[in-house]
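Asker: fold the following for me, if possible:
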Amino acid sequence: MGPKRSCRGMDKIRKIIHIDMDAFYASVEQRDRPELKGKPVIVGGDPNGRGVVAACSYEARTFGIHSAMASSIAYKRCPHAIFLKPRFDTYKSVSADIREIFCEYTDLVEPLSLDEAFLDVTQNKKGMPSATRIAREILEKIYDKSRGLTASAGVSFNKFLAKIASDFNKPRGITVVTPDDAADFIDRLPIRKFFGVGKVTEGKMHTLGIKTGDDLKKIDKEKLINIFGKNGHYFYNIARGIDHRPVEPEWIRKSIGKETTFREDIDDKTQMLEILGQLSVKIENLLKIDGRKGTTITLKVKYFDFQCITRSVTVREPIVDADTIMRYIQALLDNTEAGMKKVRLLGVSVSNFIDASRTVKKYRQLPLPFSAEIRSDSLARSLIVED
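Answerer: Predicted structure coming up:
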């Protein structure tokens, strides 16, 4: 056996923790209503309408239910599931309490959403040398302060590895990836586990014979750039455990949106409007989470030939729900060639937030250079994700 490979080589090794609450919304509901414990709980929209699953308990996940799934599909998979409307004010309050725990250790806290955050504890307030010990203390304090809610943690030397690690030992687990362990960890990682690899990109990689991190590492940079454009740089680096992004405590969000890439191009405008309606419901949930009101709606369309266009409208009424968004979407769609030309991607976003100039964003997604095809649970600065 040869010498153990390492991802060392930086001037100073950082200590990054990613904390991810376990089934957060559903766990809050089960905590506040003990009769729900042990039962499949789904937090989200009405299964008789066009709602989507915002979160679900681990009991519901055994039926193949997951977040962003249409509530109607979730109901078919588990008719006896308990559907609940989100209580975002409650979730925000709990999230704020948890963030106070983070700030006991460091001010370098980067929330990604209400239920997850990065912490840079390289230099921390308690002078603790072990990031793993800090993570363990945080999980214990979360459990005590939140009256029984659990979280999982990933500990590593960069954000990419810490985020992936936090999902490895759920619920209430800790996974540590050291510089000496990183190369082997990445090599064994299924390509679908790489942050930023959505279903479309995963399929494309599989056709190229790329199924693991080791497979990805064997492809030279020029070929990756040729195939995936600027994202080739990103794939080349993460296959080698390279991610220099800092933990950023504050950031101003300029828009909130969702988009989806189709496995096959479509030309049915009725189908397009149905999909846009589903995306709008997801945007409504995000607007409620942040308590934001926008004034501009933007439709994004990418045709079969990869030509990408946008159409926008700015309105006087505050945009806070899916019905308001859909009131203007059809006119925007009619102002495109969608239907006459096949479409491979649709997206919707809301921007020009009221009082946005005075509002500092507390929750954000990772600013990675994703193309439309490889966005996973966030799209850079507009919080758009591939479904």
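Asker: tell me the domain ranges of the chain?
Answerer: 183-238, 255-382 (automatic domain parsing).
Asker: who wins for proximity to Ile42 among these?
Answerer: Closest approach to Ile42 among the domains of the chain (C-beta to C-beta): domain 255-382, 13.5 Å. Yep, even glycine has a C-beta here, placed from its N, CA and C like the rest.
Asker: where in the stretch 201-350 of the chain is pLDDT low?
Answerer: 251-252 (pLDDT under 70).
Asker: and the helices in it, which stretches?
Answerer: 213-217, 221-228, 231-238, 269-290, 322-334 (DSSP state H, counting those that start in this stretch).
Asker: now those helices in JSON lines, with distance to Thr90?
Answerer: Compiled in JSON lines, the helices of the stretch 201-350 of the chain are given as follows (distance: least, C-beta to C-beta, whole Å):
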{"stretch": "helix 213-217", "distance to Thr90": "39"}
{"stretch": "helix 221-228", "distance to Thr90": "41"}
{"stretch": "helix 231-238", "distance to Thr90": "36"}
{"stretch": "helix 269-290", "distance to Thr90": "12"}
{"stretch": "helix 322-334", "distance to Thr90": "22"}
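Asker: compare those helices and give me the one nearest Gly148.
Answerer: The minimum distance between Gly148 and the helices of the stretch 201-350 of the chain falls on helix 269-290, with 22.5 Å, by C-beta to C-beta.
Asker: for the closest one, name the packing helices and strands.
Answerer: Where contact means 3 or more C-beta pairs under 8 Å, 6 or more residues apart in numbering; DSSP states H and E, helix 269-290 is packed against helix 88-102, strand 255-266, helix 322-334, strand 343-351.
Asker: one more time with 7 Å, if that's ok
Answerer: Applying 3 or more C-beta pairs under 7 Å, 6 or more residues apart in numbering; DSSP states H and E, one finds that helix 269-290 contacts strand 255-266, helix 322-334, strand 343-351.
Asker: do you know which of the ones you listed lies nearest Thr207?
Answerer: Evaluated over these, closeness to Thr207 peaks at strand 255-266, with 13.0 Å, by C-beta to C-beta.
Asker: quick one, that closest one and helix 269-290 angle?
Answerer: 160 degrees (axes from the mean of the first three to the mean of the last three C-alpha atoms, to 10 degrees).
Asker: returning to what we had before: so which of the helices and strands packed on helix 269-290 gets nearest Pro34?
Answerer: helix 322-334 (32.6 Å).
Asker: how far off strand 343-351 does the closest one point, in degrees?
Answerer: Counting by the same axes, to 10 degrees, helix 322-334 lies at 130 degrees to strand 343-351.
Asker: mind listing what's buried in helix 322-334?
Answerer: For helix 322-334, burial by neighbour count (16 or more other C-beta atoms under 10 Å) applies to Ala322, Thr324, Ile325, Met326, Tyr328, Ile329, Leu332, Leu333.
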